[in-house]
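**Q** Next input, structure requested:
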Amino acid sequence: MESVKNAKDERVREIRNAVELMIARLESQLKTKLLTLMGEKNQLTQETSLLENLIHEVEGQLNDCGKSELIEKSGELMQMFKQDGNGVVRGNYLSVFLELSAGLPETSKYEYRVEMVHQASKDASKNIVREFASDFEVGECWGYNRFFRLDLLASEGYLDTQNDTLILKFQVRPPTFYQKCRDQQCSVGQGELSLSLSLSLSQTIYTILYGIARERNN
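**A** You can find the predicted model right below:
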């Protein structure tokens, strides 16, 4: 009987050691994941703060600067607005493009409209309007190489020679209400979902660690 009892105690010790080793390994893995998640949370918080500062800065520029000054300060916008034309039409035509800078990974169709205002008369019927629909991928540009002849901009009344300015209006829209809702949900939900998921996982891991600690103490 004594040998059976000793064997039983030895077996219990082995099982206990194995369980404690497994718990220690699990705690180590959970702590590592927790640190990773906290780092991602801090990064998201910093990015949110940067975006808020950027929004305030842009709002300040919109209030303080004229339209021509904003265009001059925006390198990305200038890349989309080719004053001397693009490619084989350089020097002859004004070229205008739109770029999908962010979106879903799959190709999506968008309808877009580019309108150049007739500044000499302010008559909307004389505005130059181009409308089209294209399949955009993220980072892809669509638009018009031959939007309008450069040598006719002033004589036709579109270029304000006194202020040396053109007025271009851009409109982009998804072709269906479903796609509009999808894009809005994607845009609004991306950042919020990432932050919410990180916080939820952090709370879950805290709960697991707390439960393990209580079991070990008992």
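
**Q** Give the residue spans of this protein that score low on pLDDT.
**A** Along the chain, the model assigns pLDDT under 70 to residues 1-6, 47, 50-89, 91, 187-218.

**Q** Now do the helices in the chain.
**A** In the chain, the helices defined using DSSP state H lie at 2-64, 67-73, 75-80, 177-217.

**Q** any idea how the protein splits into domains?
**A** Segmentation of the chain into domains, based on automatic domain parsing, reads 2-57+188-217, 82-175.

**Q** so can I have a markdown table of these showing mean neighbour count and distance to Arg182?
**A** Quick note: C-beta positions are derived from backbone N, CA and C, even for glycine. Rendered in a markdown table, the data for those read as follows (neighbours: other C-beta atoms under 10 Å; distance: least, C-beta to C-beta, whole Å):
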| stretch | mean neighbour count | distance to Arg182 |
| --- | --- | --- |
| domain 2-57+188-217 | 12 | 10 |
| domain 82-175 | 15 | 8 |
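
**Q** Can you lay out those as a markdown table showing distance to Cys181?
**A** Output for the domains of the chain, formatted as a markdown table (distance: least, C-beta to C-beta, whole Å):
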| stretch | distance to Cys181 |
| --- | --- |
| domain 2-57+188-217 | 11 |
| domain 82-175 | 9 |
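
**Q** Check the gap between the nearest residue to Leu100 once chain neighbours are set aside and Arg149 for me.
**A** If the residues on either side of it in the chain are set aside, Leu100 comes closest to Phe136, at 4.1 Å by C-beta to C-beta, 6 or more residues apart in numbering. With distances defined as C-beta to C-beta, to the nearest Å, the gap from Phe136 to Arg149 amounts to 27 Å.

**Q** can you check Lys31 too?
**A** From Lys31 over to Arg149 (counting by C-beta to C-beta), the distance is 67 Å.

**Q** How about Arg90?
**A** As judged by C-beta to C-beta, Arg90 and Arg149 stand 13 Å apart.
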